[in-house]
Structure formats: structure tokens, C-alpha cells
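Peer 1: dropping a prediction and its sequence here:
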Amino acid sequence: MNYNEFKDRILELGDLEIEEKIEILCEETDDLELYEHMELVAGLAAELAEQYNLNKEDAHLTGFLHDVGRLIDPEEYLDILEKHNIPVDEDEKQVLDVLHEKVATLITEDVFNITNPMIKGGILYHTTLRKKPTDFEKVIFLADKLTWTYDELVFTIEETVTQSLDVACFNALTWLIKHIEAKNGLVLNNTLEAYLFFKGIVLL
């Protein structure tokens, strides 16, 4: 689905709740697996937010929106972001899939008229995290990773997340970097900077 088709379809769906609109679009694009993932992340994010005294409703909505960029054709990502004057780093151009974060953040504001910087930050860094993230961003990052099908990753988060968001993020980033390097992939700058940031907190 291209970006304009997405916007037009959302408008056609009128006053339905955002979650309902996303479910309909996932059904129409035969991608209910994506909807189930977003629904699961939304629930986990709300649970973690409640535990850490963050806004539960905002976390739930962010969980639903975090991967909405995946409904857009990835071949359009660079053109969409350029058209909307959203910068793309050189390392991101080598891992185009990560741009679904920026496209989802754009959709959140441009299509759904949500300007809350906390929600937008949670979406923008849910894959990579970043140096000095907010607790809200940590929660969305961890909620997303808890849905991945890697038992070691999920275990290391579940074992630590109830004690410390920082330790859970450090463990998740450590696993993520090792996993990427084992596949000869590129570790993005945001992920590396986040890892070094949490390493400085956790290991000191």
C-alpha cells in the first residue's frame, strides 16, 4: 500500500477508533499477523507502563502504532521521508527496514494528528533505542522485543525488567548487537550509542 492510499483509506473509515482502523487495514492487506503483533506489544507496553508509573493509555496506543509504518510499501520509505523533510542517516540507508520507525512516526502525526512527543519518541526508537532514552521509550523498546521469537532474548528481558528498565535494556541491546554481528549485519548508530550509554550505567 502506498502512503496516499493509506491516508485516503484512513479518512474513509471516519470516526472509528485508531485500533479499529489499523485492524481493518491489516485485514485488507492480508496482514493480520502484523495486527496481532501490534496488539500484543500494546498490551505489554501498557503493563510495563503501569508498573513504572507511566501513562498506561499512551503506552497502549504507542504499542498499536509502533509498526504501522509496515503497512506502507518499503520501497517508498525514502521518497516519503524526503518529501516530508525527515532526515535519514547514512547507516539507515543501508538498513531500509529500520525506516518503518520514521514512517510510523510520520503517520502518527500526519494521519492520526497525534503530536504528543512521548508517543512519537516511543515509536521512533522502538527498534533501535537511543542514547539517553526516556523511560517511556525504554518500555516500548522492551515491549517490542518481548514479542520476538528468540527465547534467549525474551528470557533475559523477563528476568530483569521487573527490577530495572536500564538493566533490561542493556541485556536486550547486548543480545541484539551480538545477533546482528553474527549475521554480518550493520549495527546502527542509535543502537550502538544506546548500548554504550546503558553499559556505562549498568557496569559502573
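Peer 2: Alright, I've got the coordinates.

Peer 1: got a list of contacts for stretch 116-133?
Peer 2: 45, 55, 58-59, 61-62, 65-66, 98, 100-102, 104-105, 108-109, 114, 134, 136-141, 144, 169, 173, 188, 190-191, 193-194, 196-197 (CB atoms under 8 Å, 6 or more residues apart in numbering). C-beta here means a position set from N, CA and C on the backbone, and glycine is covered the same way.

Peer 1: and that stretch, average pLDDT?
Peer 2: For stretch 116-133, mean pLDDT is 98.

Peer 1: let's number from 196 now, not from 1
Peer 2: That works, and once the first residue is 196, the last one we named lands at stretch 311-328.

Peer 1: for that stretch, measure first residue to last.
Peer 2: 16 Å (CA to CA, to the nearest Å).

Peer 1: show me the longest helix that occurs in this protein.
Peer 2: helix 227-246 (DSSP state H).

Peer 1: what packs against whatever helix or strand comes next after that helix?
Peer 2: Using DSSP states H and E, the helix or strand that follows helix 227-246 in sequence is helix 251-260. If contacts are counted by 3 or more CB pairs under 8 Å, 6 or more residues apart in numbering; DSSP states H and E, helix 251-260 sits against helix 213-223, helix 227-246, helix 295-305, helix 312-319, helix 330-340.
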